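Participant: I'll drop the sequence and a predicted model, then ask my questions.
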Amino acid sequence: DAGITQSPRHKVTETGTPVTLRCHQTENHRYMYWYRQDPGHGLRLIHYSYGVKDTDKGEVSDGYSVSRSKTEDFLLTLESATSSQTSVYFCAISSIARERNSYGYTFGSGTRLTVV
Amino acid sequence: KNQVEQSPQSLIILEGKNCTLQCNYTVSPFSNLRWYKQDTGRGPVSLTIMTFSENTKSNGRYTATLDADTKQSSLHITASQLSDSASYICVVSGGLSGGYNKLIFGAGTRLAVHP
């Protein structure tokens, strides 16, 4: 999607290794989010950021950490990957807080992560 | 518990036919309801968003309805095209906690349009 890119698009890694996924935006939006999508489940929020160096946990944050040192970049790190973290990861950005009406909630194209 | 349930899980229709997807939610308090389209290998893209006071919203061949009393929404697709093949996700914003509403996602309905 225009204005938001995720890298890598695909990754296979071994259990126990650290993995970092990157989300980059060119929209200068304040809010950034990391979700995971698994078959039979809706997207679930892992972590979100409401500004540079301001982050908070979502509903499935265990085993994940994030960092945001610049407005445009939001990194998701799996400290020690496990098979249960095999999933498709989506980054999203929005210009205003989640609690208000927002058409400006844009998703990236996703990163498919496989942990073997 | 705040939940969003969608039905059916999957659906196959012929090109040119109409179809209706259902969404039931138990999110409280309610802020708004969104429908997203997700093509295979892509992120979700917004189709419509409705607040409590709106009971219908259209976007081209897509028409969403909302009944806030029964906590139900539907997405109607008219004159389906092959390009409508995708997953359709119902998302409810609400469940205010700590000053923020959450986005609660349904698991989606996978629609296949066949020629």
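Facilitator: Received the coordinates, thanks.
Participant: burial of B:Thr56, as a residue count?
Facilitator: 12 (other C-beta atoms under 10 Å in any protein chain shown). Any C-beta I mention is one placed from the backbone N, CA and C, and that applies to glycine too.
Participant: Can you list phi and psi of B:Ser83 for me?
Facilitator: Here is the backbone geometry of B:Ser83 (degrees, to the nearest 10): phi -70, psi -10.
Participant: go on, B:His76?
Facilitator: With angles defined as degrees, to the nearest 10, B:His76 sits at phi -100, psi 130.
Participant: mind listing what it touches?
Facilitator: B:His76 makes contacts with B:18-21, B:62-65, as judged by C-beta atoms under 8 Å, 6 or more residues apart in numbering or on different chains.
Participant: strand partners of the helix-or-strand element of chain A with minimal mean pLDDT, parallel vs antiparallel please.
Facilitator: Ranked by mean pLDDT, DSSP states H and E, the weakest helix or strand in chain A is strand A:105-107, scoring a mean of 87. Strand A:105-107 has its sheet partners listed here by DSSP bridges as strand A:87-94 (antiparallel).
Participant: And the contacts of the partner strand?
Facilitator: Residues outside strand A:87-94 that contact it (C-beta under 8 Å, 6+ apart): A:3-4, A:6, A:21, A:23, A:25, A:27, A:29-38, A:43, A:46, A:74, A:76, A:102, A:104-108, A:110-113, B:43-44.
Participant: just checking, next helix/strand downstream of the worst-scoring helix or strand of chain B on mean pLDDT?
Facilitator: The weakest-scoring helix or strand in chain B, judged by mean pLDDT, DSSP H and E, is strand B:100-105 (a mean of 79). Toward the C-terminus, strand B:100-105 is succeeded by strand B:109-114 as the next helix or strand (DSSP states H and E).
Participant: Return the list of helices and strands in contact with that next one.
Facilitator: strand B:10-14, strand B:19-25, strand B:86-97 (3 or more C-beta pairs under 8 Å, 6 or more residues apart in numbering or on different chains; DSSP states H and E).
Participant: quick one: which of these is nearest A:Glu59?
Facilitator: A:Glu59 lies closest to strand B:86-97 among the helices and strands packed on strand B:109-114, at 10.7 Å (C-beta to C-beta).
Participant: before we move on, which element is the residue positioned nearest the centre of chain A in?
Facilitator: Residue closest to the average C-alpha location in chain A (C-alpha atoms, centre = their mean): A:Trp34, at 2.5 Å. For A:Trp34, the element it lies in under DSSP H and E is strand A:31-37.
Participant: Can you confirm whether the following helix or strand past that strand lies near chain B?
Facilitator: Sequence order places strand A:44-51 as the next helix or strand after strand A:31-37, per DSSP H and E. Yes: judged by C-beta under 8 Å from any C-beta of the partner chain, strand A:44-51 and chain B are in contact via A:44-45.
Participant: close enough to count as contact, B:Cys19 and B:Leu111?
Facilitator: Yes: look at B:Cys19 against B:Leu111 with C-beta atoms under 8 Å: they come within range, at 6.9 Å.
Participant: so what's in contact with the two at the same time?
Facilitator: Common neighbours of B:Cys19 and B:Leu111, using C-beta under 8 Å, 6+ apart, are B:11, B:13, B:77.
Participant: As CSV, those residues with neighbour count and pLDDT would be great.
Facilitator: Below are these laid out as CSV (neighbours: other C-beta atoms under 10 Å in any protein chain shown; pLDDT from 0 to 100):
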residue, neighbour count, pLDDT
B:Leu11, 16, 97
B:Ile13, 16, 98
B:Ile77, 23, 98
